[in-house]
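A.B. asks: the sequence isn't on hand, but the structure is:
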């Protein structure tokens with residue numbers, strides 16, 4: 001269970017396990033996507049399950065981000081009567097920017113010089129519109145680049161990092177400036193407004209000139225996912241003893257929500273117009289149980305998941321590099337065997353994530369700790 005608000009640490013169990021599972025499923029989605037791209041006859045990319053688990057797992061990451069950030073901000077506000085905005089941004093910068101900009105340099109300038117890593121149809125056009133790409137990436141707008149231009153090998157997954165950062169730009173202000181009794185109302189209004197904005201953009205905004213850049217930016221936003229996660233954090237912070245939370249924590253409800261999720265994934269359920277909101281609501285309810293319910297029917301707390309969850313940022317940022325290396329090695333054996341491609345992919349992904357965390361990210365995390373008001377992790 002989460003620690004009380006008088007502690008300097010807020011620990012939610014199972015969340016590292018959730019991170020790892022989401023990353024694990026994204027890798028499967030991208031392995032099958034790259035197998036199709038490289039001409040593997042046994043690819044499953046167009047099956048409904050494989051097509052779905054990638055986007056849905058990204059929804060889970062966004063929900064988790066909104067949930068955890070909001071929980072930390074609410075505890076900070078309880079303890080200090082405010083939210084220290086400069087310290088919040090320093091924490092985000094030290095956690096996100098170093099690896100983000102490192103991968104930007106590697107993928108734009110280093111990897112294209114290595115023939116083994118070339119991807120036909122993508123590597124040779126990296127230099128097209130390079131100036132505007134660099135400007136957008138530098139401004140933390142990778143979601144615009146991914147929407148407008150041809151995918152850049154090993155970098156396109158960075159669009160999710162941009163979306164999270166764009167949420168962080170305004171969310172701490174919402175928490176700081178809103179009184180507790182009005183917070184749920186404001187969250188709900190923002191949820192509705194962002195949903196309407198995205199819907200109107202998809203339907204009515206043109207796709208020519210600079211309108212295309214704006215349209216791709218708004219379409220890529222997953223603010224509703226993160227706000228739903230934030231609403232989950234609100235309920236476990238302010239309404240933990242309420243009837244609705246007790247119902248959500250009941251064994252019957254837990255069984256029902258897990259069965260619903262498994263069934264939707266198994267049958268590849270896609271709900272046009274509300275897909276991300278429905279899956280995000282399900283994930284919010286699951287996270288509430290995993291993080292705060294002492295009677296949760298599922299536990300992901302174990303040392304392996306805990307560590308793999310910690311290295312998920314590097315795991316995620318380098319996983320497409322691992323996939324391409326694995327598939328090219330598989331082709332060198334004149335094979336399309338999953339028994340070669342998948343083990344190599346996951347071994348390399350974990351190695352890259354471990355190296356990134358231990359030897360690149362950790363020094364910045366140590367500095368980040370100096371700006372931490374409420375620590376996220378085990379006491």
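C.D. replies: Great, that's in hand. Keep in mind it's a predicted model, so treat the numbers as computed, not measured.

A.B. asks: longest helix in the protein, by residue count?
C.D. replies: helix 48-80 (DSSP state H).

A.B. asks: what mean pLDDT would you report for that one?
C.D. replies: Across helix 48-80, the average pLDDT comes to 96.

A.B. asks: name the residues of that helix that are buried.
C.D. replies: With burial defined by 16 or more other C-beta atoms under 10 Å, the residues of helix 48-80 counted as buried are 50-77. All C-beta spots, glycine's among them, are computed from the backbone N, C-alpha and C.

A.B. asks: distance of the spatially most distant residue from the centre of the chain from residue 340?
C.D. replies: In terms of distance from the mean C-alpha position of the chain, residue 334 ranks first, at 35.0 Å (C-alpha atoms, centre = their mean). Distance of residue 334 to residue 340, computed by C-beta to C-beta, to the nearest Å: 11 Å.

A.B. asks: for residue 187, same thing?
C.D. replies: According to C-beta to C-beta, residue 187 stands 47 Å off from residue 340.

A.B. asks: how about residue 149?
C.D. replies: According to C-beta to C-beta, residue 149 and residue 340 sit 32 Å apart.

A.B. asks: ok, residue 204 - how many residues close by?
C.D. replies: 8 (other C-beta atoms under 10 Å).

A.B. asks: tell me the contacts of the most centrally placed residue in the chain?
C.D. replies: The chain has residue 61 as the residue nearest its centroid, 3.2 Å off, counting by C-alpha atoms, centre = their mean. Going by C-beta atoms under 8 Å, 6 or more residues apart in numbering, residue 61 touches 19, 22, 160.

A.B. asks: residues making contact with stretch 165-173?
C.D. replies: When contacts are defined by C-beta under 8 Å, 6+ apart, stretch 165-173 is touched by residues 65-66, 69-70, 73, 83, 85, 88-89, 92, 96, 140, 143, 221, 223, 226, 230.

A.B. asks: oh, I was asking about stretch 285-292
C.D. replies: The contact list for stretch 285-292, computed with C-beta under 8 Å, 6+ apart, reads 1-2, 12-15, 18, 63-64, 67, 229, 232, 235-236, 240, 245, 248-249, 253-254, 257-258, 261, 296-298, 300.

A.B. asks: and with 6 Å instead?
C.D. replies: When contacts are defined by C-beta atoms under 6 Å, 6 or more residues apart in numbering, stretch 285-292 is touched by residues 2, 12, 14, 67, 232, 236, 248, 254, 257, 296.

A.B. asks: quick one: which of the residues you listed sit in strands?
C.D. replies: Per DSSP state E, strands hold no members of the contacts of stretch 285-292.

A.B. asks: and these as JSON lines, adding distance to residue 359?
C.D. replies: Below are these laid out as JSON lines (distance: C-beta to C-beta, whole Å):
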{"residue": "2", "distance to residue 359": "31"}
{"residue": "12", "distance to residue 359": "27"}
{"residue": "14", "distance to residue 359": "27"}
{"residue": "67", "distance to residue 359": "29"}
{"residue": "232", "distance to residue 359": "34"}
{"residue": "236", "distance to residue 359": "35"}
{"residue": "248", "distance to residue 359": "41"}
{"residue": "254", "distance to residue 359": "40"}
{"residue": "257", "distance to residue 359": "40"}
{"residue": "296", "distance to residue 359": "35"}
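
A.B. asks: by neighbours, which of the residues you listed wins?
C.D. replies: Neighbour max across the contacts of stretch 285-292 (other C-beta under 10 Å) = residue 232, 29 neighbours.

A.B. asks: hang on, that one packs against residue 283?
C.D. replies: No - the pair residue 232 and residue 283 fails to qualify as a contact (C-beta atoms under 6 Å) at a distance of 8.6 Å.

A.B. asks: what about the residue nearest to residue 33 when sequence neighbours are not counted, how many neighbours?
C.D. replies: Distance criterion C-beta to C-beta, 6 or more residues apart in numbering; nearest residue to residue 33, sequence neighbours excluded, is residue 45 at 5.1 Å. For residue 45, the neighbour count with other C-beta under 10 Å is 17.
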